[in-house]
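Novice: my questions are about this predicted structure, shown below with the sequence.
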Amino acid sequence: MSTDTITVQRTILAPPERIFALLSDASRHSEFDGSGTVRGTRESSQPLRHGSRFGMAMHMGVGYRTTNEVVEFEQDRRIAWRTTGFKGLIGGRVWRYELEPVGGGTLVTETWDISRDRQRFFLAHSKMPAATKVAMRRTLDRLAAQLEEQSPAGNA
């Protein structure tokens with residue numbers, strides 16, 4: 001199995017446009033982040049669109065900041081951003097969300113793509129892929145919990 005990309009999926013009982021609205025609001029990313037590292041947004045552009053840049057305050061042992069740029073965008077279907085840090089000297093990983101309508105909800109696919117990350121070799125040969133997969137599953141669980149409790153379909 002390649003560790004350049006990790007993908008998880010979950011069906012969420014909410015329409016794609018509601019899920020996309022949450023994903024494209026950078027100020028709300030800490031609400032559903034399953035890793036526990038996202039602390040808040042810096043200078044975000046709302047709603048996100050192709051080419052938007054936004055910063056995040058992060059914490060993993062120590063506080064740090066990231067810069068993100070939306071590199072893929074299809075309204076209510078797909079959004080992805082590339083994350084870098086230390087003025088672009090590190091990073092380059094892409095976080096991608098794809099939304100596909102299915103009976104009664106939306107199949108959400110989250111992908112972590114380090115194929116162009118400057119630290120790809122080190123990330124791929126560390127515990128990071130396994131830990132990231134666990135965190136991504138938690139992220140989709142948190143998205144579902146947040147959206148389904150607000151959705152008439154989630155209360156059925």
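Specialist: All right, it came through fine.
Novice: so residue 102 sits against residue 13, correct?
Specialist: No: assessed by Cβ atoms under 8 Å, residue 102 is found out of contact with residue 13, at 10.0 Å. All C-beta spots, glycine's among them, are computed from the backbone N, C-alpha and C.
Novice: comparing these two, which residue is more hemmed in?
Specialist: Neighbour count, other Cβ atoms under 10 Å: between residue 102 and residue 13, residue 13 has more, with 17 against 12.
Novice: ok, that one touching residue 145?
Specialist: No: taking contacts as Cβ under 8 Å, residue 13 lies outside contact range of residue 145: 10.8 Å.
Novice: buried residues in stretch 129-148?
Specialist: Of all the residues in stretch 129-148, those buried under the rule 16 or more other Cβ atoms under 10 Å are 129, 132-133, 135-136, 138-140, 143-144, 146-148.
Novice: stretch 9-27 now?
Specialist: 10, 12-16, 18-20, 22-24, 26.
Novice: what's the span of it, first residue to last?
Specialist: 23 Å (Cα to Cα, to the nearest Å).
Novice: pLDDT of it, averaged?
Specialist: Across stretch 9-27, the average pLDDT comes to 93.
Novice: please enumerate the strands of this structure.
Specialist: With DSSP state E as the criterion, the chain has strands at 5-12, 38-42, 53-60, 62-74, 78-85, 90-102, 105-113.
Novice: who does the first one touch, helix- and strand-wise?
Specialist: Read it as strand 5-12. Counting contacts by 3 or more Cβ pairs under 8 Å, 6 or more residues apart in numbering; DSSP states H and E, strand 5-12 is packed against strand 105-113, helix 128-148.
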